[in-house]
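Engineer: Got a predicted model here, sequence first, then my questions.
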Amino acid sequence: MTAQKLLYLSRADVEAVNLDMATIINLLETAFREKGHGRVEMPPKPGIHTLPDAFIHAMPAYIPSMKSAGIKWVSGYPENFKRGLPYITGLLILNDAETGMPYAVMDCTWLTAFRTGAATALAAKYLARPASETAGILACGVQGRTNLEALACLFPLKRAYAYDILPEAQEKFVAEMSAKFKFEIIGVQEPKQAVVDSDLVVSSGPILKHPTPTIQAGWLRPGAYGSAVDFDSYFSGPALAQMDRISTDDHAQFRYYKSVGYFQQTPDPYADLGELAAGLKPGRQSPQERTLAINLGLAMDDMAVAPEIYRRAVERGLGTWLAL
Ligand SMILES: NC(=O)c1ccc[n+]([C@@H]2O[C@H](COP(=O)([O-])OP(=O)(O)OC[C@H]3O[C@@H](n4cnc5c(N)ncnc54)[C@H](O)[C@@H]3O)[C@@H](O)[C@H]2O)c1
């Protein structure tokens, strides 16, 4: 039997591939169209929970048309920042769909950050006003950065408001994002200031089982789009009840999270991102609607993108080949 090899891509290797956000959004769009037509295999994520509000989840998916099969083993630890460690870390394995052989293992920190931003932008393509010019980012961490970058790919942004509970995190975000983008980035003192004048609002703070949500009814203006990356931790029940349209990325996983205690005051989503991407459900219907995407983060997001990272790494000679 010939020796089998797999490519190991460290976090630095994945970052060096530096797949652009527009490509990631396109890959997700293709994958979600497939999901809308029922052509993605994705069981609900099993997980273990080692500390309150921490998780380590197993996320397998198979997208036949993209020849992508694999699993992500990802952790989220809200207290990690106290040790100088990322909130989200983990590994992803790609398998050859024809033989089952693993052919790549990669760090999934970068991928998780970028595909989640891309999912916000993809949902916004159907649910936000195309002329949206202002963004509000609440929580200036990894997700705050990638969500803003993804929205900037699809919308003619002129200004973004940024709020973080930690002033130093907010200042760093404003400095970095001002250097990256041509539009204005304004740090604000109160969360409400990042919401009331924004066409696109992203909440990306810690996901908590028993949160004290910040965003109140009436803050999101008519015509605005929200993306609750942190589930129902930032948007209050009355603010959620005021939405004209709520989507998720997967109905079954939304129901699962609801059954274990999240989203108790959240109206059930009318559509998932697969249905929106496949044109099976309508997106925004009027300029006045308040819309919200609750993307829970799916294994298929990762499997849509990881093979492209692998292909480009091979092309550029990045990574380390290991014996199986
Ligand atoms: N839905 C998904 O697909 C998905 C995917 C990845 C991560 N997430 C979630 O996104 C969230 C952010 O992840 P990250 O990697 O950006 O973490 P991060 O640690 O990089 O950033 C979190 C930021 O939140 C700030 N913060 C904490 N409490 C706050 C509050 N009340 N108001 C404003 N800011 C506050 C922190 O100071 C920090 O800057 C986590 O909850 C994570 O679980 C969701």
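Structural biologist: Received the coordinates, thanks. Numbering: from 1, shown residues only.
Engineer: Next, count neighbours for Ile167.
Structural biologist: In this structure residue 167 is Pro, not Ile. Applying other C-beta atoms under 10 Å, we find 11 residues neighbouring Pro167. Every C-beta, even on glycine, is put in place using the N, C-alpha and C of the backbone.
Engineer: Can you report how many residues lie near the closest residue to the ligand within the chain?
Structural biologist: Residue nearest to the ligand within the chain (C-beta to the nearest ligand atom): Gly141, separated by 1.8 Å. When neighbours are counted by other C-beta under 10 Å, Gly141 registers 20.
Engineer: Show me where the stretch 1-150 of the chain has its helices.
Structural biologist: Ranges of helices in the stretch 1-150 of the chain, per DSSP state H, counting those that start in this stretch, are 11-17, 21-36, 109-127, 142-154.
Engineer: what residue ranges in the stretch 101-250 of the chain are flagged as low confidence?
Structural biologist: Within the stretch 101-250 of the chain, not a single segment meets pLDDT under 70.
Engineer: Please identify the residues of it in proximity to the ligand?
Structural biologist: 112, 116, 138-143, 163-166, 169, 204-207, 229-230 (C-beta under 6 Å from any ligand atom).
Engineer: Emit the PyMOL select command for whichever of those are buried.
Structural biologist: Filtering these down to the buried ones (16 or more other C-beta atoms under 10 Å) takes a single PyMOL command:
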select buried, resi 112+116+138+139+140+141+142+143+163+164+169+204+205+206+207+229+230
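Engineer: before we move on, the earlier item: out of the helices of the stretch 1-150 of the chain, flag the one nearest Arg290.
Structural biologist: helix 109-127 (9.9 Å; C-beta to C-beta).
Engineer: Tell me what angle the closest one forms with helix 21-36.
Structural biologist: Orientation of helix 109-127 against helix 21-36 (axes from the mean of the first three to the mean of the last three C-alpha atoms, to 10 degrees) gives an angle of 70 degrees.
Engineer: about what we covered before: not counting its neighbours along the chain, what's nearest the residue of the chain closest to the ligand?
Structural biologist: Excluding the flanking residues, the one nearest Gly141 by C-beta to C-beta, 6 or more residues apart in numbering is Ser204, at 6.4 Å.
Engineer: quick one: that neighbour and Leu138 touch, right?
Structural biologist: Yes. Under the criterion of C-beta atoms under 8 Å, Ser204 makes contact with Leu138 at 6.8 Å.
Engineer: intersection of neighbour lists for these two?
Structural biologist: Gly144 (C-beta atoms under 8 Å, 6 or more residues apart in numbering).
Engineer: residue boundaries of the strands in the stretch 51-200 of the chain?
Structural biologist: 55-63, 68-76, 88-95, 102-107, 134-138, 159-163, 184-187, 200-203 (DSSP state E, counting those that start in this stretch).
Engineer: which one of the ones you listed is the most hemmed in?
Structural biologist: strand 200-203 (a mean of 28; mean count of other C-beta atoms under 10 Å).
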